[in-house]
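# After the sequence you'll find the predicted model.
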Amino acid sequence: MTVPDHQRRNVEATEVVLHDVKGIIAALDLSIEALPIGALKGPQGDAIYTMVRLLGQKLEEVDRKRSMEWAGLGGASEALAAEDVATARGEGRIEAA
């Protein structure tokens, strides 16, 4: 299956933005690590650590969903098992009328 050029460009543009978001999260994480020990104590520190962790989890979720979308368009994805690719392409499913 071949993905049309306009769909490929759209997916690639989104990948660039996701890459930037990953960089922002990594920079935030490194900035937190560079702070003096004890600088992020208490509820504010807990909130920051929680946000970084949750952002990482959400980014992983977006990456997976993006891979499913790409596979659904006919692209190849090494991040997905064959069963996931089949699901993304609607193979083996009977659609309700």
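That came through, no problem.

# how about the lengthiest helix in the chain: buried residues?
In terms of residue count, the longest helix belonging to the chain (DSSP state H) is helix 42-73. Buried residues in helix 42-73, defined by neighbour count with 16 or more other Cβ atoms under 10 Å: Val52, Leu55, Arg66, Ser67, Met68, Glu69, Trp70, Ala71, Leu73. Every residue, glycine included, has its C-beta placed from N, CA and C.

# Just checking the distance from that helix to the centre of its chain.
Remark: helix 42-73 is offset 7 Å from the chain centroid, using Cα atoms, centre = their mean, to the nearest Å.

# Show me what that helix is packed up against.
Helix 42-73 is packed against helix 5-34, helix 82-88, with contacts defined by 3 or more Cβ pairs under 8 Å, 6 or more residues apart in numbering; DSSP states H and E.

# The longest one to helix 42-73, inter-axis angle?
An angle of 160 degrees separates the directions of helix 5-34 and helix 42-73 when computed by axes from the mean of the first three to the mean of the last three Cα atoms, to 10 degrees.
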